[in-house]
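Trainee: The following block contains a protein sequence and its predicted model.
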Amino acid sequence: MINQKKVLVILGPTASGKSDLAIKLARKFQGELISADSRQVYRGMDVATAKLVPPRGIKQQLVSIVDPDKPYSVQRFKEDAAKAIALIHKRKKLPIVVGGTALFIDALVENWDVPQIPPDKKLRTKLERELEKHGLSHLVEKLERLDPLVSARVDAKNARRVIRAIEVASAIGNSSITGRTKKGMHYDVLKLGIQMDRTILRERIDKRVRQMMTHGLIEETRRLRRRYDLSLPSMSGIGYPEVALYLDKKISKEECIEKIVTHTYQYAKRQMTWWKRDKSIFWTDSAEEAKKLTKDWLRL
């Protein structure tokens, strides 16, 4: 029987193989998956976010639960994930949180009390003007000065997320991470991180992006763009803006692919830079080692 406090977390950079490992561990230890991905929550955004279609017998939660034009906050994820964990425990299964969104994972396992900061329309208008005049790098530098911890986590290619992070950091007046109250962990958590050589990781990202193009990323972007504005947080992540440039005949298909690969790899490096600071993560490059670590932890 699974201890009602146990929660397994599998994390790592995009394209590192988190889903494959999660499925293996779910089969071995009677687990159910909870996605901790800030883009996979959106309906219809399947190819660009590399959504997992779980094999038969494996359950997955918090995927495709909101429309792309609806907001989805860290606090909402924390609440939804807590409910999912409770239901999985009730079924006497092991909750396995899988994802690459560090903010989501930390808020859940560290039990953050996340402050609710309403949008600042005046500041947002000012930042949008700065974006238009000076470019996104100017806003990223501003965020780094305001809140270097959050800057390390935010997708620096996503203008909407950078602007929102500046809003939150400005409102709190100190780090919008340290400004969140850690209420004390109420789960017994094992965090497994996937360790991978950066050259191999870039090759995997390149392969994945090319598969996305083959499997309908262009068609998905075209369909979503007819319904939703590219400025939406859900639409402004890696993938859709680059394909939009291709659809508008501003870049070639190969240039589009290269841009997505480069932006994804840059994001993956930022993910690893942040997680390397977390000394509680057990890093592994082997499914067998991950199984042993999980087995030993479950015995405790």
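Mentor: Structure received.

Trainee: Which residue ranges of the stretch 151-300 of the chain form helices?
Mentor: Ranges of helices within the stretch 151-300 of the chain are 159-172, 198-214, 217-227, 240-247, 253-275, 287-299, based on DSSP state H, counting those that start in this stretch.

Trainee: Just give me the residue right at the centre of the chain.
Mentor: Closest residue to the average C-alpha location of the chain: residue 101 at 2.7 Å, with C-alpha atoms, centre = their mean.

Trainee: what residues are up against that residue?
Mentor: Contacts for residue 101 (C-beta atoms under 8 Å, 6 or more residues apart in numbering) come out as 36, 37, 38. Quick note: C-beta positions are derived from backbone N, CA and C, even for glycine.

Trainee: Out of the helices of the stretch 151-300 of the chain, flag the one nearest residue 84.
Mentor: Closest to residue 84 of those, according to C-beta to C-beta: helix 287-299, at 19.1 Å.

Trainee: ok, so what distance separates the residue lying closest to residue 225 once chain neighbours are set aside from residue 44?
Mentor: What sits nearest to residue 225 in space, not counting adjacent residues and going by C-beta to C-beta, 6 or more residues apart in numbering, is residue 244, at 6.4 Å. According to C-beta to C-beta, to the nearest Å, residue 244 and residue 44 sit 16 Å apart.

Trainee: cool, residue 212 as well?
Mentor: 15 Å.

Trainee: isn't residue 32 right up against residue 26?
Mentor: Yes: using C-beta atoms under 8 Å, residue 32 is in contact with residue 26, at 6.7 Å.

Trainee: Residue 17: what's its closest spatial neighbour, skipping adjacent residues?
Mentor: Distances taken as C-beta to C-beta, 6+ apart put residue 194 closest to residue 17, at 5.8 Å, once the chain neighbours are dropped.

Trainee: before we move on, back to that, excluding its backbone neighbours, what's nearest the residue nearest to the centre of the chain?
Mentor: Spatially, and ignoring its direct neighbours in sequence, residue 101 is nearest to residue 38 (4.3 Å; C-beta to C-beta, 6+ apart).

Trainee: check contacts around that neighbour.
Mentor: Going by C-beta under 8 Å, 6+ apart, residue 38 touches 72, 77, 101, 103, 104.

Trainee: Helices of the stretch 1-150 of the chain, residue ranges please.
Mentor: Under DSSP H, counting those that start in this stretch, the stretch 1-150 of the chain gives helices at 18-29, 74-90, 102-109, 121-134, 136-146, 148-153.

Trainee: Averaged pLDDT, the third one. What do you get?
Mentor: Throughout helix 102-109, pLDDT has a mean value of 91.

Trainee: Name the residues that touch it?
Mentor: The contact list for helix 102-109 (C-beta under 8 Å, 6+ apart) reads 7, 9, 11, 36-38, 74-75, 77-78, 81-82, 97, 99, 112, 114, 153, 180, 185, 187, 189, 191, 271, 274-275.

Trainee: cutoff 7 Å now
Mentor: Helix 102-109 is touched from outside by 9, 11, 36, 38, 74, 77-78, 81, 97, 99, 114, 153, 185, 187, 189, 271, 274-275, with contacts defined as C-beta atoms under 7 Å, 6 or more residues apart in numbering.

Trainee: next one: that helix to chain centre, how far?
Mentor: 10 Å (C-alpha atoms, centre = their mean, to the nearest Å).

Trainee: that older thread, dump the contacts of residue 101 to CSV, plus distance to residue 199.
Mentor: CSV is the format used below for the contacts of residue 101 (distance: C-beta to C-beta, whole Å):
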residue, distance to residue 199
36, 26
37, 25
38, 27
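
Trainee: just those now: which is nearest residue 300?
Mentor: Of all these, residue 300 sits closest to residue 36, with 23.1 Å by C-beta to C-beta.

Trainee: so what's the closest one closest to, chain neighbours aside?
Mentor: Spatial nearest neighbour of residue 36, chain neighbours left out: residue 99 (2.9 Å); criterion: C-beta to C-beta, 6+ apart.

Trainee: Looks like the one you found contacts residue 35 (just checking).
Mentor: Yes: using C-beta atoms under 7 Å, residue 99 is in contact with residue 35, at 5.9 Å.

Trainee: Looking at these two, which has the bigger crowd around it?
Mentor: Here residue 99 and residue 35 are set side by side on neighbour count (other C-beta atoms under 10 Å), and the busier one is residue 35, at 29 against 26.

Trainee: Low-confidence stretches in this protein?
Mentor: By pLDDT under 70, the weakly predicted segments of the chain are 1-2, 114-116, 149, 152-153, 172-185.

Trainee: again, only this time at 80
Mentor: The chain contains residues with pLDDT under 80 at 1-4, 113-119, 147-158, 160, 168-186.
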